[in-house]
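K.L.:
Below are the sequence and a predicted model; questions follow.
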Amino acid sequence: MDMSLYPHAIAMSADEFMDWSTAVINDLLSAGTKKTVDKLTGPVWTWAMKNSMHPLHWGLACCALEMAAASAPRHDAERLGIIYRSSPRQTDILLLNGWIGKKVRPSIRRLYEQMPNPKWVIAMGECAISGGPWYDSYNCVQGGDQIVPVDIFIPGCPVKPDAMIDGFMLLQNKIGDYFNRGVFMED
Amino acid sequence: MDTEAVYQKPTTGEIKTLLESKFKGNVTVKHTEDDRVLADVADKNAIFEICNYISENLTFEHCSIVMGLDMVEHMEVIYVLTNYHTGLCIELTAKLPLDDLHIPSVALVWEGANWHERETYELFGIIFDGHPKLKRLLTPDTYNFYPFRKSYKLRGQE
């Protein structure tokens, strides 16, 4: 394609746009602009995402009641931006709260794949960590990390609402690290 | 006693007499308690008629439990049937030889027995003839073993 007007964008086909944008991205990467952009925008993304953690409203077993208790008035997780959304398209955290039967495995993996990046997974309670009381069971997955990558493990049987909120606070640190590491423009 | 009459509130003594006279030699009441009748069924193929009689003539509305039991030499199916008006229970025990794990389904007598029987099927491999939908309930369809049998061993067991 004619790159004489580069870096200005002119009318172009889809293929030409791929060439043009690849050139722009490579220029930014080689000039160190990426680092600058990430350094400037990282804190903004961090601030936004840390304070609007949207887990999937998905109850697997009894820890889901603790999840409900955490958003009830006494603990009020919503003041920290933990708002449950019912569609995986609108969430960034998958909260595994309970034992994972072998029949539900494909659904969990599918929900995880349906969530937009960047996404995190929290395993809540003994069952989601290692199978818990159902260790070595014939019908229980021995830990959620066997089917999806887990970021935070919250132990407890069941997890108390304050422990769950504490786990989300730890995840906030992880979110901060993720954005400050600068991974935005790698694609 | 009239075995064809409908008894709204049968007592344990009446149940014992009625069952043993209606199904002579087939049902043996081995024990009665205040609110409980424990009976053995000799011929497992008669379980549908017995349950139908208990439901229609003795007005036991609820099939509370259908349970499998692996006794290694044979298997058992245990039905716990409840009458809501009197709070009485009938426990029927049917023996199944290992080479013939078939028993008639009672899902047409009590709709609630449907899932009980499916679960007994998936855990013990006991086949309920005439069941409307005898498929695995909670375990994946790909399983080819029956986890509650004594012969099934978990990882790490001898």
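P.N.:
Structure's in. What do you need?
K.L.:
Could you pick out the residues of chain A near chain B for me?
P.N.:
A:101-103, A:136-139 (C-beta under 8 Å from any C-beta of the partner chain). (C-beta placed from N, C-alpha, C; glycine too.)
K.L.:
mind redoing it with 6 Å?
P.N.:
Proximity of chain A to chain B, by C-beta under 6 Å from any C-beta of the partner chain, involves residues A:102-103, A:136, A:138-139.
K.L.:
just the residues you listed: which has the poorest pLDDT?
P.N.:
Minimum pLDDT across the residues of chain A next to chain B is recorded for A:Asp136, with 83.
K.L.:
Buried ones among the residues of chain A next to chain B?
P.N.:
Buried subset of those (neighbour count, 16 or more other C-beta atoms under 10 Å in any protein chain shown): A:102-103, A:138-139.
K.L.:
Which pair of these spans the longest distance?
P.N.:
A:Lys103 and A:Tyr138 (12.0 Å; C-beta to C-beta).
K.L.:
B:Thr32 touches B:Thr11, doesn't it?
P.N.:
No - using C-beta atoms under 6 Å, B:Thr32 is not in contact with B:Thr11, being 9.7 Å away.
K.L.:
burial measure for the nearest residue to A:Ala61 once chain neighbours are set aside, as a count.
P.N.:
Nearest residue to A:Ala61, sequence neighbours excluded (C-beta to C-beta, 6 or more residues apart in numbering or on different chains): A:Gly98, at 2.5 Å. Using other C-beta atoms under 10 Å in any protein chain shown, A:Gly98 has 25 neighbouring residues.
K.L.:
Over to A:Gly98: give its phi and psi.
P.N.:
phi 140, psi 180 (degrees, to the nearest 10).
K.L.:
now the one 3 residues further on
P.N.:
In terms of degrees, to the nearest 10, the main-chain angles of A:Gly101 are phi -70, psi 160.
K.L.:
Excluding covalently adjacent residues, which one is nearest to it?
P.N.:
A:Asn139 (5.7 Å).
K.L.:
residue contacts, that neighbour?
P.N.:
Listed by C-beta atoms under 6 Å, 6 or more residues apart in numbering or on different chains, the contact set of A:Asn139 reads A:101-102, B:139.
K.L.:
which phi and psi does it have?
P.N.:
Phi and psi for A:Asn139, reported as degrees, to the nearest 10, are phi -140, psi 20.
K.L.:
For B:Glu91, give the beta-bridge partners.
P.N.:
B:Leu38, B:Val80 (DSSP bridges).
K.L.:
which residues of chain B fall in helices?
P.N.:
Ranges of helices in chain B, per DSSP state H, are B:12-22, B:47-56, B:113-124.
K.L.:
Residue 44: neighbour count?
P.N.:
Let's take chain A. 10.
K.L.:
other chain: chain B
P.N.:
The local packing of B:Lys44 (other C-beta under 10 Å) involves 19 other residues.
K.L.:
Thought B:Leu92 was touching it, still the case?
P.N.:
No - in this structure, B:Lys44 is not within contact of B:Leu92 by C-beta under 6 Å, at 10.3 Å.
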